[in-house]
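Novice: Got a predicted structure here, sequence first:
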Amino acid sequence: MIRPVVAITIGKNHYPRMFSPAAWHALDAFADVIHHDGPEPADKASLLALLPPADACITSWDVAALDTDVLAAAPRLRAMAHMGSSVKRFVSDALWARGVHVTSAGLALAVDVAETTLGLMIVGMKRVWPLAQHVREGGWRETPWWPARELFGKEVGIIGASNVGRHVIKLLQAFAVQVLLYDPFISPDEATALGAQKVELEELLQRSDIVSLHAPARPETHHMLDAAGLTLMKDNTLLINTARGSLIDESALIAELIKGRFFAFLDVTDPEPPAADSPLRRLDNVVVMPHIAGCIENCGRMSELAVEELRRFFAGEPALYPIRPEMFDRIA
């Protein structure tokens, strides 16, 4: 039986954190592997040299796009498994015209982002950061009431039933909370099946104790949380953005944060990173993280999913998460 040839394009410097031993073992069980020899992700010239004998390839962040030239140089290429979330930057009309099978390991990456989001919900409601600073400055519990709260009994607003949003909802089922979901693409029954109540955005913002963004960056989602929406949010709301910075009108957000009405965790900003003189870098009621909600030290889960997708493809089995052009209106 002829084994397919799978090209690894991500650069050898990234093997330790991106590929688990289990992924290598699973890949070796059904395919012959060829490697981009450079330390960093393959550029276009490297893809032109690497892909001619490949039946499939595994890509990730910063790999060059599979454009017309690359596809012409890779006549055998039939499948691409992407270790990341969005594939938009990597694919081309030529790839769709060829009928190349495309999958994303975004389902695996979503788990990491969702777990980070849940952690931010818990420590954010407890106001761990500002209270720790208060103690550092010599304070303690000078009054009987502190702005530290629990998840119990709260309403949590999820904006976007993306892979991440859905997994956050799943994780929240372990807590006694009411999950509100805004997503124009799903029905009330679908929201109920996920464990949430479908509401319009305005209602979500008015009711939620926590607002967490998980929508894609699309023209129609640009600044979906604007000045009007931010003013709808209750005092002491916890705002979390682990999706895309462009979802929030940052100048309007800064204006609200200056009032001290709520607390925000921002894993993403617009621009990214924030300008050196941005108030986001100095306000006490916001924590800006350097885009680390996804996997950083160990992305092995993505490699295992990417390899499984290729195994399924060559075995004639259905993909777990196929990507098709008609999906692009709903994904980042």
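Specialist: All right, it came through fine. Just so it is clear, the structure is predicted and the values come from calculations on it, not from any experiment.
Novice: which SS class is Ser212?
Specialist: Using DSSP: H, G, I helix; E, B strand; the rest coil, the three-state assignment for Ser212 comes out as strand.
Novice: In terms of pLDDT, where does it sit?
Specialist: At Ser212, the pLDDT value in this model is 98.
Novice: wait, it sits on Leu247?
Specialist: No. The pair Ser212 and Leu247 does not pass the contact test of Cβ atoms under 8 Å, sitting 11.1 Å apart. Just so you know, the C-beta spots here come from the backbone N, C-alpha and C atoms, and that holds for glycine as well.
Novice: Which of these two has more residues huddled nearby?
Specialist: Taking Ser212 and Leu247 together and counting by other Cβ atoms under 10 Å, Ser212 has the greater number of neighbours (29 against 24).
Novice: got the contact list for the more buried one?
Specialist: If you count contacts by Cβ atoms under 8 Å, 6 or more residues apart in numbering, Ser212 has them with Thr117, Met121, Val156, Gly157, Ile158, Ile159, Gly165, Val168, Leu239, Ile240, Asn241, Thr242.
Novice: Any idea how many residues pack against Ile258?
Specialist: For Ile258, the count of nearby residues is 11 (other Cβ under 10 Å).
Novice: Same question for Met302.
Specialist: A total of 30 residues lie near Met302 under the criterion other Cβ under 10 Å.
Novice: same deal with Ile8?
Specialist: Ile8: 26 surrounding residues under other Cβ under 10 Å.
Novice: Repeat that for Phe185.
Specialist: 9.
Novice: Distance check, it against Ile240.
Specialist: Taking Cβ to Cβ, to the nearest Å as the measure, Phe185 and Ile240 are separated by 21 Å.
Novice: Helices of this structure, start to end?
Specialist: Counting by DSSP state H, residue ranges of the helices within the chain are 15-18, 21-28, 44-50, 68-72, 93-98, 106-125, 128-136, 163-172, 188-194, 201-207, 227-232, 250-259, 300-315.
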